[in-house]
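>>> Take this sequence and fold it.
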Amino acid sequence: MIVKEVINRWRIVDAMSEHTYILGDSRSMEEIPDESVNLVVTSPPYWNLKDYGGGGDEIGRGDSSYQEYLEGLFAVFRECTRVLTPDGKIAINIMPIFLTGKATKFNRRVTKTVLSDLERFFEGLGNMFFLSLYIWDKRKIGRFSSWGSYPYPPNMLSTYPYEWIIVFSKEGKRKPVEKSVKESSELTHEEWTTWVCNSIWEMPPASAKREGHPAPFPEELPRRIIKIHTFVGDTVLDPFSGSGTTSKVAKELGRNSIAYEINKEYFETFKKKVEWNQKGLNESHKYELIDRKGKNGVGHLNEHPGLNV
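Residues are numbered from 1 along each chain as shown. As a prediction, the model looks like this:
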């Protein structure tokens, strides 16, 4: 198992793939050793837009400034970089953010791409570089409106019916994989032409009501990123797991997964998605729960009625 030995863990042994759920803040990932994760796929919380729960300590909460939001993201992605293998990738789904007049010195709406801030951060680490960019085209999904001074000049506001998936890579070379693993990870010609040769992706969104999460991302998004950037048997990390979409897809594709989530309420949704401990379905998979919120930082499952494993 790629995760260090810790006290009080639950697991199924003799697994083909391994899936770990860590109930805790991903700004610190002491459970994961250096250079042990091949890919990070995540959609960070929006700043000052959605209520994700988490007891008021979550990144992007309504009373935080944009700079505090960035500092929280940077703390997470600094840890992601530490645990990433050489030539590993970090894929981040993000969209432009609006700063309201009260949050700016200009007393009017200001747009932050977040992308440029992330690019400066990763390049400043010295061992990461901007590899590629995909655009999630959402124009066919629904209507988008932004008024500003409409219908008169000069300050009509543009809309952003798209999101980005930005991919950063760590320097170095990964260890060679066996020929059988390489062949089993091969993309089809259609996947290559649709996903890689065309960097503008059209994907239907996930339903917040059905997923039980305020901002879930569609399964197709991590599916494409995981297939493009990992081999079968690799390990995928999502530091903002939410409802567990990344882990579900990783399992379906024969990859291992690690999920961090600060809000324990999403664990039940996560269990259903990955078919946690369902007889007849999971004989070839290993599952592990690490709960940091117990006494002395050690998980005690019986103290959390919502964490029934």
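>>> Can you check the pLDDT for residue 274?
We note a pLDDT of 87 for residue 274 in this prediction.
>>> just checking, what's the longest helix in this structure?
Criterion DSSP state H: the longest helix present in the chain is helix 66-83.
>>> Walking through the stretch 151-300 of the chain, point out its strands one by one.
Taking DSSP state E, counting those that start in this stretch as the criterion, the stretch 151-300 of the chain carries its strands at 162-170, 200-202, 235-238, 256-261, 285-291.
>>> what packs against the fourth one?
Contact partners of strand 256-261 among helices and strands, from 3 or more Cβ pairs under 8 Å, 6 or more residues apart in numbering; DSSP states H and E: strand 17-23, strand 235-238, helix 245-252, helix 267-274. For glycine as for every other residue, the C-beta is placed from the backbone atoms N, C-alpha and C.
>>> Next, the residues that contact the first one from outside, please.
I take that to be strand 17-23. Strand 17-23 is contacted from outside by 1-3, 29, 31, 233, 241, 244, 247, 250-251, 254-262, 264, 267, 270, 274, 284-293, 299, 307, using Cβ atoms under 8 Å, 6 or more residues apart in numbering.
>>> next structured bit after it?
The C-terminal neighbour of strand 17-23 among helices and strands, as given by DSSP states H and E, is strand 37-42.
>>> rewinding a little: mind giving me the packing neighbours of the longest helix of the chain?
strand 37-42, strand 84-94, helix 115-125.
>>> quick one on the thing from earlier: select, out of the strands of the stretch 151-300 of the chain, the one closest to residue 217.
Closest to residue 217 of those is strand 162-170 (Cβ to Cβ; 8.7 Å).
>>> Tell me the helices and strands packed up against the closest one.
If you count contacts as 3+ Cβ pairs under 8 Å, 6+ apart, strand 162-170 packs onto strand 84-94, helix 115-125, strand 128-137, helix 220-229.
>>> Residue 169: what's its closest spatial neighbour, skipping adjacent residues?
The shortest distance from residue 169 to any non-neighbouring residue, by Cβ to Cβ, 6 or more residues apart in numbering, is to residue 131 (4.2 Å).
>>> That neighbour: neighbour count?
Other residues lying near residue 131 total 14 when counted by other Cβ atoms under 10 Å.
>>> Residue 201 now?
Using other Cβ under 10 Å, residue 201 has 19 neighbouring residues.
>>> Roughly how far does it sit from residue 195?
Distance, residue 201 to residue 195, by Cβ to Cβ, to the nearest Å: 7 Å.
>>> try residue 112
Separation of residue 112 from residue 195 (Cβ to Cβ): 28 Å.
>>> before we move on, what about residue 33?
On the measure of Cβ to Cβ, residue 33 and residue 195 end up 31 Å apart.
>>> Let me have the helices and strands packed on strand 162-170 in JSON lines, extended by distance to residue 44.
Formatted as JSON lines, those follow (distance: least, Cβ to Cβ, whole Å):
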{"stretch": "strand 84-94", "distance to residue 44": "7"}
{"stretch": "helix 115-125", "distance to residue 44": "9"}
{"stretch": "strand 128-137", "distance to residue 44": "15"}
{"stretch": "helix 220-229", "distance to residue 44": "14"}
